[in-house]
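*Asks:* build me a model from this:
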Amino acid sequence: MPSTPKVGDKAADHVLTDVDGKQVGLSEQLKAGPVVVVVLRGWPGYQCPFCTAQFADLLGHADDFKVAQASVLLVYPGPTTGLREHAAEFRKNRELPANFRLLVDPDYTFATAHGLRWDALHETVYPATFVPRAWRPRGGNGNPPIPVVVAAQGELGRRVVGCPNIR
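*Replies:* As a prediction, this is how the structure comes out:
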């Protein structure tokens, strides 16, 4: 299994499809500015309550990301069958801000390539968020609005696990 990317690593370019069927490539997104990649648990047989809360928190900071000219790519992994439907259910018919994309990762290709596959019964991946190395988003209290960053050059800043008690 590939190792998890480290701070300073170049982000591998991947093309995934969003829940609306449009292809999204990391290299294309990086041309517009910093990109935050959030790898959710996806579909382990239910909608993860921690990922649901993180998603709501990220949406709550949509204006902060817009001001920073940052894109947010939410990766929803799982088995191919029914994955797009589960991802749409996760979104709960909410309109996403223009700089947010909910992408599906059928059969865990993205997660596996980044060393995040959690191949155990009732599991999918180790949730993680990647943020740009040089990018320092700030929330209202001076703290980053997200628990974790890919810079305009594609260099990884840090990786933080998205759920408690995991890895």
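
*Asks:* pLDDT below threshold where in this structure?
*Replies:* 1, 7, 132-167 (pLDDT under 70).

*Asks:* please enumerate the helices of it.
*Replies:* Taking DSSP state H, the helices of the chain run over residues 26-31, 49-60, 62-67, 83-91, 109-113.

*Asks:* span of stretch 58-65 from start to end?
*Replies:* End-to-end span of stretch 58-65 (CA to CA, to the nearest Å): 9 Å.

*Asks:* ditto for stretch 91-111
*Replies:* 20 Å.

*Asks:* before we move on, back to that, out of the helices of the chain, which gets nearest to residue 127?
*Replies:* helix 49-60 (6.3 Å; CB to CB). Where you see a C-beta, it was placed from the backbone N, CA and C, and this is true even at glycine.

*Asks:* buried stuff in the closest one?
*Replies:* 51, 54-55, 58 (16 or more other CB atoms under 10 Å).

*Asks:* with stretch 117-124 instead?
*Replies:* For stretch 117-124, by 16+ other CB under 10 Å, it's 117-118, 124.

*Asks:* pull the residues that contact that stretch.
*Replies:* Here stretch 117-124 makes contact (CB atoms under 8 Å, 6 or more residues apart in numbering) with 1, 41-45, 77-78, 108, 111, 125-126.

*Asks:* rerun that using 6 Å as the cut-off
*Replies:* 41-42, 44-45, 77-78, 108, 111, 125-126 (CB atoms under 6 Å, 6 or more residues apart in numbering).

*Asks:* re the thing from before, of the buried residues of stretch 117-124, closest to residue 88?
*Replies:* residue 124 (17.0 Å).

*Asks:* and stretch 82-98, how far from the chain's centre?
*Replies:* 14 Å (CA atoms, centre = their mean, to the nearest Å).

*Asks:* do me a favour and get the end-to-end distance for it?
*Replies:* 25 Å.

*Asks:* give me the buried positions along that stretch.
*Replies:* 83-84, 86-87, 90-91, 96.
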